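Engineer: heads up, no residue letters with this:
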């Protein structure tokens, strides 16, 4: 079940993904801040739609293999029932077993409209998409590896499982924030504190380093450097005071 309210998600959607990362890295217990975002390059095909946020639902496909449909002809219906059973908003994370080749696209005008009806706001796929204008008209955002003309033998192979896309592992129920910069995967244990952390880090920048930099016009160089150093020191002190962990200081 979702850990954040719809109102919280809407507030998180107001910022870009790097800003959400700035908050997340202060609260995560992971070994590295790089543990959360895509390692391989991806592309946002609807940057004009701004960020998207939702809970991960997952599916694996292999468009080159006709045998999957023959082995389980009801998989499509079972997969859609799974999608419908999960509260939204949802982001469909698709692992394409054909990569780095692109044989066919899971996404197009029809599938994006179906998934939008089922409460999904977009997709992250390490395969391809097509019908970009029609997907945009459906209000369905996509981060993908590339564009593609055909669909080949697209059929769900498995779903509601751990997947790996663009070098990042995604599990069902992970919270995802994504935009033209890439995507960030927030595990359940980090979700409750995320909004407060992102809000704090954004305000901290706006109240220290950024105004110091923007007010530098006309000042002597030594004064500019001194003001910047003071603002950076204050920024760091604010972060430590807010997020210091047990055993620090």
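Structural biologist: It's in. All of these numbers come straight from a predicted model, not from anything done at the bench.

Engineer: What part of this protein, helix or strand, is modelled with the least confidence?
Structural biologist: helix 67-71 (a mean of 88; mean pLDDT, DSSP states H and E).

Engineer: Relative to the whole chain's centre, how far out is that one?
Structural biologist: Distance of helix 67-71 from its chain centroid, counting by CA atoms, centre = their mean, to the nearest Å, is 31 Å.

Engineer: by contact count, what packs against it?
Structural biologist: If contacts are counted by 3 or more CB pairs under 8 Å, 6 or more residues apart in numbering; DSSP states H and E, helix 67-71 sits against no helix or strand. Any C-beta I mention is one placed from the backbone N, CA and C, and that applies to glycine too.

Engineer: again, only this time at 10 Å
Structural biologist: Identification of packing neighbours for helix 67-71 by 3 or more CB pairs under 10 Å, 6 or more residues apart in numbering; DSSP states H and E yields helix 75-85, strand 156-159.

Engineer: okay, the ones you listed, which one's buried deepest?
Structural biologist: Mean neighbour count (mean count of other CB atoms under 10 Å) peaks for strand 156-159 among those, with a mean of 19.

Engineer: ok now the following helix or strand past that strand, how far from the chain's centre?
Structural biologist: Past strand 156-159, further along toward the C-terminus, the next helix or strand under DSSP states H and E is strand 163-165. Here strand 163-165 is found 13 Å from its chain centre; the criterion is CA atoms, centre = their mean.

Engineer: Each with direction, which strands does strand 163-165 pair with?
Structural biologist: If you go by DSSP bridges, strand 163-165 pairs up with strand 168-170 (antiparallel).

Engineer: from the middle of its chain, how far away would the strand it pairs with be?
Structural biologist: Put simply, strand 168-170 sits 11 Å off its chain's centre (CA atoms, centre = their mean).

Engineer: can I see the domain layout of the chain?
Structural biologist: 6-189, 208-243 (automatic domain parsing).

Engineer: Low-confidence stretches in this structure?
Structural biologist: The model of the chain has pLDDT under 70 over residues 1-2, 31-33, 245-249.

Engineer: one more time with 80, if that's ok
Structural biologist: Filtered on pLDDT under 80, the chain yields the residue ranges 1-3, 30-34, 244-249.

Engineer: longest single helix anywhere in it?
Structural biologist: helix 221-243 (DSSP state H).

Engineer: List of residues touching that one?
Structural biologist: 22-23, 25-27, 193, 196-197, 200-201, 203-205, 207-213, 215-220, 248-249 (CB atoms under 10 Å, 6 or more residues apart in numbering).

Engineer: so who does the residue lying farthest from the centre of the chain touch?
Structural biologist: Residue distances from the centre of the chain (CA atoms, centre = their mean) peak at residue 220, which lies 42.8 Å from the mean C-alpha position. Listed by CB under 10 Å, 6+ apart, the contact set of residue 220 reads residue 226.

Engineer: what's the distance between it and residue 226?
Structural biologist: 9 Å (CB to CB, to the nearest Å).

Engineer: Would you map the helices across the chain?
Structural biologist: Under DSSP H, the chain gives helices at 6-12, 17-27, 67-71, 75-85, 109-117, 132-137, 194-207, 209-214, 221-243.

Engineer: Pick the most buried one from these.
Structural biologist: Buried most deeply of those, by mean count of other CB under 10 Å, is helix 17-27, with a mean of 21.

Engineer: can you give me the angle it makes with helix 221-243?
Structural biologist: Helix 17-27 and helix 221-243 are oriented at 60 degrees to each other (axes from the mean of the first three to the mean of the last three CA atoms, to 10 degrees).

Engineer: other SSEs contacting helix 17-27?
Structural biologist: So helix 17-27, by 3+ CB pairs under 10 Å, 6+ apart, packs with helix 6-12, strand 52-61, strand 175-179, strand 182-186, helix 194-207, helix 221-243.
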